[in-house]
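# can you look at this prediction? I've put the sequence above it.
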Amino acid sequence: MSIEVRIPTLPESVSDATIAAWHKQPGDTVREGENLLDLETDKVVLDLPAPADGVLGEIRAEVGATVRAGDVVALIEEATAEGKTATDSGADGEPAPGATTAAATERAAAGPGTAAGKAPPMSPAVRRLVEAEGLDPSVIPASGKHGRLLKEDVTRWLERREHEAAPPPSSAAPEALEQDARPAAGGEPLHSPSAPPPGEPRPEKRVPMTRLRARIAERLVQAQQQAAMLTTFNEVDMSAVRDLRQRYREAFERRHGVRLGYMSFFVRAACEALRRWPMVNASIDGHDIVYHGYFDIGIAVSTERGLVVPVLRDADALSLAEIEQAIRDFATRAREGRLELEELTGGTFSITNGGVFGSLFSTPILNPPQSAILGMHRIQERPVAVDGEVVIRPMMYLALTYDHRLVDGREAVSFLVTIKELLEDPARLLLDL
């Protein structure tokens, strides 16, 4: 009996998805609940679990195909009581000509003297890493919750394998290197770099754009075309926040189990500044202005698939520790492709930190329909004038890009000045000043 594998109901606002990868091939044994394939939507990657035990039969939608809810993408041949499928045996119960049982396939793959293990649960990103490296996930120790295999587990396994496979150092190696570096009789190095022969084509690689990258491109162009974007700048002396972090870093981490970073201070400062300048927290809907009486702050997170912006709901009600814990959780799950669609929608204001990549200055682009986005940058020690003297201080440039259709220059500049004042005297955040 064949069981249809159908695309489930997709999250709200998602009309279709793209098959990003198949993790089983025809003839492979599958277990109910085991992930068969990855579905890539505009924002997240979804797992499609097997509806029943059996053997994967026909695949009806290949990698790259666009599918909708209800589409049949594969068939599973249900196992019989003897562990065989209807296609495994002929009418008399003997194996059909040319048929290979899934058990035999697994034994062949496992090799002599071994048994095929059950793969632990893992995210799509970890699964892609395992497949790219040609690893057997069942032999890698998993340290995640409920036996989940993490990216760190795979990385440690690869490092250990490379260390064990590395040849012992040889005393002849330095001499060999010196020999390679010496010129030949003609005076030219033995291994000198050379340009490709004239007329030989230079290599290129063409790959389809992922749905997430295509969605990012679409939204960026949309923001450029539909908003009157303008950016204002300021700089902030980070001495007070830096000293506060250094003084309480260890105690904070012992108490809350998370590092005290800079982002939590910026989130708290942004919430207070948005409260004072509500137009920056508003949005345009047709001919109406929507004032949001809450502060849902989007935090830009870079992943291998592209930039995503998970949202901190009611960020003004969160402590510094809760903000740091939420950001760490977002970053981990974003890189593993485990964010929920609801976590990526509905923000009222966004913060992006190009400083983690070394950016000193930039003009961030709006995240529609939001009216403003704050750009953080690298902290750099620079000479500044303080009380008539030149001193060296850790300075950061801030950028606020805003929609000039809604936010005037006075409000944008005042908002950024408020951020600056709160960060240069963080006690204001605690005393509500």
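Structure received. Not measured: the values here are computed from a predicted model. Residues are numbered from 1 along each chain as shown.

# quick check, distance from the helix or strand harbouring Phe330 to the centre of its chain.
Using DSSP states H and E, Phe330 maps to helix 320-335. Chain-centre distance of helix 320-335: 12 Å, with C-alpha atoms, centre = their mean, to the nearest Å.

# swap in stretch 371-388?
28 Å.

# got it, and stretch 337-352?
12 Å.

# quick one: mean pLDDT over the helix holding Phe330.
Helix 320-335 shows an average pLDDT of 91 in the prediction.

# do stretch 143-152 as well
76.

# got the contact list for it?
The contact list for stretch 143-152 (C-beta atoms under 8 Å, 6 or more residues apart in numbering) reads 119-123, 125-126, 129-130, 137, 140, 142, 153, 335-336. The way it works is simple: take the backbone N, C-alpha and C, and place the C-beta from them, glycine included.

# hang on, the earlier thing: beyond the helix holding Phe330, next helix or strand please.
Heading C-terminal from helix 320-335 (DSSP H and E), you reach strand 349-353.

# tell me the buried residues in that following strand?
Residues of strand 349-353 classed as buried by neighbour count (16 or more other C-beta atoms under 10 Å): 349-353.

# could you pull out the strands in the stretch 301-433 of the chain for me?
301-303, 306-308, 311-312, 349-353, 372-376, 380-386, 389-403 (DSSP state E, counting those that start in this stretch).

# partners of the fifth one, with directions?
When sheet partners are counted by DSSP bridges, strand 372-376 sits next to strand 349-353 (parallel), strand 389-403 (antiparallel).

# which of the ones you listed sits most buried?
strand 349-353 (a mean of 23; mean count of other C-beta atoms under 10 Å).

# could you export that strand as PDB, CA atoms only?
What follows is strand 349-353, C-alpha atoms only, in PDB (Å, rounded to 0.1, in the frame of the first residue of the first chain):
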ATOM      1  CA  PHE A 349      11.600  49.300  14.800                       C
ATOM      2  CA  SER A 350      14.800  47.600  13.900                       C
ATOM      3  CA  ILE A 351      18.500  47.600  15.000                       C
ATOM      4  CA  THR A 352      21.400  46.400  12.900                       C
ATOM      5  CA  ASN A 353      25.000  46.000  14.100                       C
END
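
# which residues are in contact with that strand?
262-263, 266-267, 270, 274, 280-281, 295-300, 309, 364, 367, 370, 372-377.

# adding distance to Gly33 and mean pLDDT, write the strands paired with strand 372-376 out as TSV.
Listed next are the strands paired with strand 372-376 as TSV, based on distance: least, C-beta to C-beta, whole Å; pLDDT from 0 to 100:
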stretch	distance to Gly33	mean pLDDT
strand 349-353	36	95
strand 389-403	45	96
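
# export those strands as CSV, with columns for distance to Leu56.
CSV is the format used below for these (distance: least, C-beta to C-beta, whole Å):
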stretch, distance to Leu56
strand 349-353, 42
strand 389-403, 49
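
# can you say which of those strands is nearest to Phe233?
strand 389-403 (5.4 Å; C-beta to C-beta).

# so which of the strands paired with strand 372-376 is nearest Asp237?
Per C-beta to C-beta, nearest to Asp237 of the strands paired with strand 372-376: strand 389-403, 5.0 Å.

# so where is the stretch 1-150 of the chain shaky, pLDDT-wise?
The model of the stretch 1-150 of the chain has pLDDT under 70 over residues 12-13, 43, 79-118, 124, 145-146.

# how far off centre is stretch 421-433?
Chain-centre distance of stretch 421-433: 32 Å, with C-alpha atoms, centre = their mean.

# what's the average pLDDT for it?
Stretch 421-433 shows an average pLDDT of 81 in the prediction.

# which residues sit against that stretch?
Counting by C-beta under 8 Å, 6+ apart, 236-241, 244, 265-266, 268-269, 272-273 sit against stretch 421-433.

# please identify which of the residues you listed is nearest to Leu400.
For the contacts of stretch 421-433, the nearest to Leu400 is Ala273 (9.7 Å; C-beta to C-beta).

# OK, contacts around the closest one?
Contacts of Ala273 (C-beta under 8 Å, 6+ apart): 280, 415, 418-419, 422.

# counting only helices, which of the residues you listed make the cut?
Counting by DSSP state H, those place 415, 418-419, 422 in helices.

# which strands or helices does the longest helix along the chain pack on?
Secondary structure of the chain per DSSP H: the longest helix is helix 239-256. Contact here means 3 or more C-beta pairs under 8 Å, 6 or more residues apart in numbering; DSSP states H and E; on that basis helix 239-256 packs against helix 320-335, strand 389-403, helix 409-424.

# mind listing what's buried in that helix?
241, 245, 252.

# who's in contact with that helix?
258-262, 265, 320-321, 324-325, 379, 393-394, 423-426.

# end to end, how far does stretch 272-291 reach?
End-to-end distance for stretch 272-291: 15 Å, by C-alpha to C-alpha, to the nearest Å.

# over to Pro120. Which of the three states is it?
What DSSP: H, G, I helix; E, B strand; the rest coil gives for Pro120 is coil.

# right, I mislabeled it, should have said Arg156
helix.

# okay, now it: neighbour count?
14 (other C-beta atoms under 10 Å).

# ok, now His404?
14.

# for the nearest residue to it once chain neighbours are set aside, what are its contacts?
Leaving aside its chain neighbours, His404 sits nearest to Ala228 (4.1 Å; criterion: C-beta to C-beta, 6 or more residues apart in numbering). By C-beta under 8 Å, 6+ apart, Ala228 lies in contact with 403-405.

# about what we covered before: how far is the longest helix of the chain from where the chain is centred?
Worked out by C-alpha atoms, centre = their mean, helix 239-256 lies 27 Å from the chain centre.

# what's the distance between Ser302 and Ala21?
As judged by C-beta to C-beta, to the nearest Å, Ser302 and Ala21 stand 21 Å apart.

# and for Asp408?
From Asp408 to Ala21 the distance is 48 Å (C-beta to C-beta).

# could you do Gly147 as well?
From Gly147 over to Ala21 the distance is 22 Å, taken as C-beta to C-beta.

# more neighbours: those two, which one.
Ala21 (16 against 12).

# what's the helix or strand where the more buried one lies in contact with?
Using DSSP H and E, Ala21 falls within strand 17-22. With C-beta under 8 Å, 6+ apart as the test, strand 17-22 has contacts from 7, 10, 36-41, 45-46, 59, 61-68, 73, 124, 127-128, 131, 210-211.

# helices along the stretch 101-250 of the chain, start to end?
102-110, 124-133, 151-165, 173-181, 211-226, 239-256 (DSSP state H, counting those that start in this stretch).

# so which of those comes closest to Val55?
Smallest distance to Val55 across these (C-beta to C-beta): 4.9 Å, for helix 102-110.

# partner residues bridging Ile76?
Judged by DSSP bridges, the bridge partners of Ile76 are Ile3, Leu56.
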